[in-house]
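Student: sequence first, predicted coordinates after that:
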Amino acid sequence: MSLDLASERTAWARLLDRASEPYRSAGRFAWHFARGKLGYDPVFRHLLAAGLIPPSARVLDIGCGQGLLASLLRACGAMRAAGEWPQAWPAPPAGAQVTGIELMTRDIERARAALGEAGDVRFVCGDMRTEAFPACDAVVILDVLHYVTHEEQEAVLKRVRDALAPGGLLLLRVGDAGARRGFAISQWVDRAVTRLRGHTVPPVYGRTLPEWIAQLRQLGLQVEPRPMSQGTPFANVLLVAQRS
Ligand SMILES: C[S@@+](CC[C@H](N)C(=O)[O-])C[C@H]1O[C@@H](n2cnc3c(N)ncnc32)[C@H](O)[C@@H]1O
């Protein structure tokens, strides 16, 4: 293994520790969930290793769950301060200001118990279909839009585009309904996790990858799809969409 790769692995393990540690004060479930999700879901590491969230960005995390992204971004600042940021990665998104919007009270309570509501994080318990979106440099929506109808997805995405600064990025992860097996597995796991987190299981509204891309292009966004289910049986794709 090269030195760069080894130091990157060590750095990621340190980041994982730092980002999940605050959840100890939110209970055992919250801590285990944080470690598992941040550790096994490739999207979190990719956001950092690909430099998709710039330093000091105003970030809107829609459907933020228990605030894992906010915790990860806060940990990036601590890594930089400790001189532990991997040299092979782009500049850390230190100094990010995160607003998380989440429908479920229980998740918002876990997020606040873990991260508080200091200047760099703010959690809003609300519905993305009606909650106002603040002006931002990056909007992150991971595995959320399929919970609302196609018309509602379009309305949310329009408001996201309007909230983004010119050049800002929408980082949207979706399942590709065209990849039948991977999509079916992700739906099954989604239902199981939703129940485990104490939520009622909502219906889902999927689209194929070309349909997602067409939807974003129709809103004037430039879109680049990146496969985002490495190491999992899912058919997830991260759509990196830029407002010109
Ligand atoms: C699969 S989880 C993903 C959580 C988080 N984005 C992550 O990747 O860790 C989907 C989240 O979206 C939230 N959600 C679903 N519908 C929503 C809505 N209409 N408004 C806000 N949040 C919603 C759910 O409560 C859940 O926490």
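Tutor: Looks like it arrived, so ask away. Note that the structure is a prediction, hence the values are computed from the model and not measured. Residues are numbered from 1 along each chain as shown.
Student: this protein: helices as residue ranges?
Tutor: Counting by DSSP state H, one finds helices in the chain at the ranges 3-20, 28-40, 42-49, 68-81, 105-115, 150-163, 180-196, 209-218.
Student: on contacts alone, who are the packing partners of the fifth one?
Tutor: Which is helix 105-115. Helices and strands touching helix 105-115, as assessed by 3 or more Cβ pairs under 8 Å, 6 or more residues apart in numbering; DSSP states H and E, comprise helix 28-40, helix 68-81, strand 97-102, strand 121-125. (Each C-beta comes from the backbone N, C-alpha and C, glycine too.)
Student: that older thread, which stretch in the helices of the chain is the model least sure about?
Tutor: Of all the helices of the chain, mean pLDDT reaches its minimum on helix 180-196 (a mean of 83).
Student: what's that helix packed up against?
Tutor: Judged by 3+ Cβ pairs under 8 Å, 6+ apart, the packing partners of helix 180-196 are strand 164-175.
Student: which strands border the strand it packs on, and is each parallel or antiparallel?
Tutor: strand 136-142 (parallel), strand 236-243 (antiparallel) (DSSP bridges).
Student: what about the closest residue to residue 231 other than its chain neighbours, distance to residue 60?
Tutor: Once flanking residues are discounted, residue 231 sits nearest to residue 42: 6.1 Å by Cβ to Cβ, 6 or more residues apart in numbering. Shown here: residue 42 relative to residue 60, a distance of 22 Å by Cβ to Cβ, to the nearest Å.
Student: quick one: name the residues of this protein near the ligand.
Tutor: With the criterion set to Cβ under 6 Å from any ligand atom, the chain comes near the ligand through 37, 63-65, 68, 101-104, 107, 127-129, 142-144, 147-148.
Student: quick check on those: which are buried?
Tutor: The neighbour count (16 or more other Cβ atoms under 10 Å) marks 37, 63-65, 68, 101-104, 107, 128, 142-144, 147-148 as buried among the residues of the chain next to the ligand.
Student: contact partners for the spatially closest residue to residue 186 that is not a sequence neighbour?
Tutor: Once flanking residues are discounted, residue 186 sits nearest to residue 234: 4.1 Å by Cβ to Cβ, 6+ apart. Shown here is residue 234, whose contacts under the criterion Cβ atoms under 8 Å, 6 or more residues apart in numbering are 175, 182, 183, 185, 186, 189.
Student: turn those into TSV, including distance to residue 27 and neighbour count.
Tutor: Below are the contacts of residue 234 laid out as TSV (distance: Cβ to Cβ, whole Å; neighbours: other Cβ atoms under 10 Å):
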residue	distance to residue 27	neighbour count
175	29	27
182	32	18
183	32	21
185	28	17
186	26	25
189	22	13
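Student: closest to residue 75 among those?
Tutor: Distances from residue 75 to the contacts of residue 234, taken as Cβ to Cβ, are shortest for residue 189 (25.7 Å).
Student: got the contact list for the closest one?
Tutor: Going by Cβ under 8 Å, 6+ apart, residue 189 touches residue 234.
Student: go on, residue 190?
Tutor: Here residue 190 is in contact with 143, 204 (Cβ under 8 Å, 6+ apart).
Student: report the beta-bridge partner residues of the residue positioned nearest the centre of the chain.
Tutor: By Cα atoms, centre = their mean, the chain has its centre lying nearest to residue 142, at 4.4 Å. Beta-bridge pairing for residue 142 (DSSP bridges): residue 173.
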